[in-house]
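# Quick one: sequence and predicted model below, then my questions.
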Amino acid sequence: NDLAKPAACETGKFLGRIPRAINAALIPLDLWITKREYELEKTKKLLEIELADVDPSKIVSPESYVAVPALQSIAYSMDSEELRTMYAKLLAKSMNTDYRESVHPSFVEIIKQLSPLDAQNLNYITTDESPIAEYRLCLAAGDTKDALNISVRQLEAESEYFNSLSDGRYELIMTNVFLENPDEKDLEVQAMSISSLQRLGLIRVHYSEYANGADYAPFFQTQEYIYFKKSLREKGRLKICVGVTMLTPLGSQFCKICQS
């Protein structure tokens, strides 16, 4: 018995370390649960604001397949006003009998895949058709036209020049050039955001037409356009292919529920 005591003591110490190790490993989870409860209270406050003008008789329990993933996700987006607001509006609409049938469960997953910039850009596109453009390097010989300070009237007269390179001989330099959001000047970051919104099926981008009444002159004035025009002049002429971006039916319904 005396010989066995040291081994037993060591085994007891080892077994005692296991609960401590488990507790230490679960500390982040405990903090997450505490934070989630705190965020849930904040969510309730947001819902109070969103539902303030709704008849109380129309407020019902949301469908669990919408509410549960939305409540789980909103805890991770409290630092983003754009995403937090989207979740709150989605939850509020799911609790309103006037809208709950229009709330698709995929809306939660869509918000989870949006960045704050995506949400901002979507807000600009909801109001109307938005102008967009591509920078193309035309490789066709003999073209000496210049295009500066183009107006809509000029665009109508020269639309074939901008949008129909019949021989197809061009190199795409930059696509999805989007200038509607004044808070983000990086055109590559903007292009990635527009491509993401396309991937999610929320918007369409057409380079075979243009937005009525839109001013495309700013596309000729970006630092990128000026740089490309100067640096690529030996290879060909830089042209702008104008286009338009608009909401899809899915995007329109998504914005109706999550942004309005």
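Right, received. Where do you want to start? Model, not experiment: these values are computed from the prediction. Residues are numbered from 1 along each chain as shown.

# When you work out contacts or count neighbours from here on, use the C-alpha atoms and nothing else.
Noted.

# ok, E180 - contacts?
If you count contacts by Cα atoms under 8 Å, 6 or more residues apart in numbering, E180 has them with N121, Y124, S130, P131.

# Counting neighbours, which of the residues you listed comes out on top?
Ranked by neighbour count (other Cα atoms under 10 Å), the contacts of E180 have P131 at the top, with 28 neighbours.

# Secondary structure class of it, three-state.
Three-state assignment for P131 (DSSP: H, G, I helix; E, B strand; the rest coil): strand.

# That one is in contact with G243, isn't it?
Yes: applying Cα atoms under 8 Å, one finds P131 in contact with G243, separated by 6.0 Å.

# Same list, the contacts of E180, but as TSV with distance to S195 and pLDDT please.
Formatted as TSV, these follow (distance: Cα to Cα, whole Å; pLDDT from 0 to 100):
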residue	distance to S195	pLDDT
N121	11	95
Y124	15	91
S130	15	90
P131	15	92
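
# Using TSV, lay out those together with distance to L51.
Listed next are the contacts of E180 as TSV, based on distance: Cα to Cα, whole Å:
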residue	distance to L51
N121	25
Y124	24
S130	31
P131	35
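
# so which of these would you say is closest to S77?
N121 (17.6 Å; Cα to Cα).

# residues in contact with that closest one?
By Cα under 8 Å, 6+ apart, the contact set of N121 is E180, N181, S193, I194.

# Strands - which of those land there?
Among these, DSSP state E puts none in strands.

# Looking at those, which two lie furthest apart in space?
Between any two of the contacts of N121, the greatest separation by Cα to Cα is 12.5 Å, found for E180 and S193.

# hey, what's the spatially closest residue to L172 that is not a sequence neighbour bridged with?
Among residues not flanking L172 along the chain, R136 sits closest, at 4.7 Å (Cα to Cα, 6 or more residues apart in numbering). Note on R136: beta-bridge partners by DSSP bridges are L172, K239.

# Out of the helices and strands in this protein, which is least certain?
Scoring the helices and strands of the chain by mean pLDDT, DSSP states H and E places helix 159-163 at the bottom, with a mean of 42.

# related to what we said a few turns ago, gap between the residue nearest to L172 and K45?
Taking Cα to Cα, to the nearest Å as the criterion, R136 is separated from K45 by 50 Å.

# Who has more neighbours out of the two?
Neighbours per residue, other Cα under 10 Å: of R136 and K45, the larger number sits with R136, 21 against 13.

# Isn't that one up against V242?
No: using Cα under 8 Å as the test, R136 is too far from V242 to be in contact (10.4 Å).

# okay, and the common contacts of P131 and G243?
Here P131 and G243 share the contacting residues Y210, A211, scored by Cα under 8 Å, 6+ apart.

# Tell me the helix or strand right after the host helix or strand of V244.
Element membership of V244, judged by DSSP states H and E, is strand 237-247. Counting by DSSP H and E, the element after strand 237-247 in chain order, helix or strand, is helix 249-258.

# what angle separates that following helix from strand 237-247?
Here helix 249-258 points in a direction 60 degrees away from that of strand 237-247 (axes from the mean of the first three to the mean of the last three Cα atoms, to 10 degrees).

# chain center to helix 249-258: distance?
Averaging C-alpha positions (Cα atoms, centre = their mean, to the nearest Å) puts helix 249-258 13 Å from its chain's average.

# P218: how many residues sit nearby?
As a burial measure, P218 scores 12 neighbours (other Cα under 10 Å).
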